[in-house]
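A.B. asks: Below: sequence and its predicted model.
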Amino acid sequence: ILVAGQPPLGVRLGEPSPREFKARAPFTRVDLERTRAVRLAARRAFVELKITFMQALADVPQVRWLHAQVRSAEEPVDLWLLRAPVFAALDGADPEFRQRRRALRRGLDSVFPELESASGFVPF
């Protein structure tokens, strides 16, 4: 119902009515370049993480199925889901495996930075 002197229902004073609304272009050239740069950076981070996973599994006996899973990963979340079996394959006190686990943690932290909750505990 329209009342004289009042805006139509759902329209506030001072805002353009739907008939007066002029849409701007959805993306400018700068916006497109920015989104492309973000996509490229995300892809580069994923590829680096995938390489880190492959290097961590290099020369590890009896993990051929895990190599295949890492090779077929298409998104960072695929690698995130494989982290437990990879860490299990690198279990032990061998200094080389310890270094590989550290590299994996750094790689995962670079792609998934805010997954650790803050706690009062500090590592030794």
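C.D. replies: Looks like it arrived, so ask away.

A.B. asks: Ranking helices and strands of this protein by mean pLDDT, which lands last?
C.D. replies: Ranked by mean pLDDT, DSSP states H and E, the weakest helix or strand in the chain is helix 29-57, scoring a mean of 88.

A.B. asks: where's whichever helix or strand comes after that one relative to the chain centroid, distance-wise?
C.D. replies: Using DSSP states H and E, the helix or strand that follows helix 29-57 towards the C-terminus is helix 64-71. Mean-position distance between helix 64-71 and its chain equals 21 Å (CA atoms, centre = their mean, to the nearest Å).

A.B. asks: likewise stretch 106-116?
C.D. replies: 9 Å.

A.B. asks: okay, that stretch in PDB with CA atoms only?
C.D. replies: Only the C-alpha atoms of stretch 106-116 are listed here, as PDB (Å, rounded to 0.1, in the frame of the first residue of the first chain):
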ATOM      1  CA  ARG A 106      55.900 -25.600   7.900                       C
ATOM      2  CA  GLY A 107      54.200 -26.300   4.500                       C
ATOM      3  CA  LEU A 108      50.900 -27.100   6.100                       C
ATOM      4  CA  ASP A 109      51.100 -24.000   8.300                       C
ATOM      5  CA  SER A 110      51.800 -21.800   5.200                       C
ATOM      6  CA  VAL A 111      48.600 -23.000   3.500                       C
ATOM      7  CA  PHE A 112      46.400 -23.500   6.600                       C
ATOM      8  CA  PRO A 113      47.800 -20.800   8.900                       C
ATOM      9  CA  GLU A 114      45.100 -20.400  11.400                       C
ATOM     10  CA  LEU A 115      44.200 -23.900  12.300                       C
ATOM     11  CA  GLU A 116      46.200 -24.000  15.500                       C
END
